[in-house]
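Participant: I'd like to go over a predicted model; first the sequence, then the structure.
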Amino acid sequence: MDDLLREFLTESSEHLDTVDTELVRFEQDPNNETILRNIFRLVHTIKGTCGFLGLPRLEALAHAAETLMGRFRDGMPVSGASVTLILATLDRLKAILADLEIAGTEPAGSDDDLIEALDRMSAGDLEIGQD
């Protein structure tokens, strides 16, 4: 594994831990723009680095999460379902990163389920996950 990938894995893990903490704070204070900007920035950084390193699976998932976070920044209301969806996305990102660390390459698989849910919620379907 090259040094760039190793550094990316370390930084991404730290970023995702921070996002986890910030999301709990954000759920309690959904109008806090500072928390929202911090979460958005961290997810954006992960997405951008994935593009640079040629990690399309991680990039696509992070992009969908970033889009939803951008909608929150634009004023879309935050719901419990949206926070739950973001947390599920973070769990998937962590799992992919763990596999990447072991194998040195992105694992095979599809994240269409989460990407579609994130895209639908970004489009304004606020009822996702509230069946």
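Facilitator: Yes, it's here. Computed from a predicted model, the values in this text were never measured in an experiment.
Participant: for the chain, which helix is longest?
Facilitator: helix 3-28 (DSSP state H).
Participant: residues contacting residue 56?
Facilitator: 50, 106 (C-beta atoms under 8 Å, 6 or more residues apart in numbering). For the C-beta atoms, the positions are set from N, CA and C on the backbone; glycine is no exception.
Participant: so how far is residue 63 from it?
Facilitator: Residue 56 sits 10 Å away from residue 63, going by C-beta to C-beta, to the nearest Å.
Participant: in what helix or strand does the residue nearest to residue 25 when sequence neighbours are not counted lie?
Facilitator: The shortest distance from residue 25 to any non-neighbouring residue, by C-beta to C-beta, 6 or more residues apart in numbering, is to residue 35 (5.4 Å). Using DSSP states H and E, residue 35 sits within helix 33-53.
Participant: so the helix or strand following that helix versus helix 3-28, what angle?
Facilitator: Next along the chain after helix 33-53, taking DSSP H and E as the criterion, comes helix 56-73. For helix 56-73 against helix 3-28, the angle by axes from the mean of the first three to the mean of the last three C-alpha atoms, to 10 degrees is 30 degrees.
Participant: helix 56-73 vs helix 33-53, what angle?
Facilitator: 160 degrees.
Participant: tell me which residues of helix 56-73 come out buried.
Facilitator: 57-69, 71-72 (16 or more other C-beta atoms under 10 Å).
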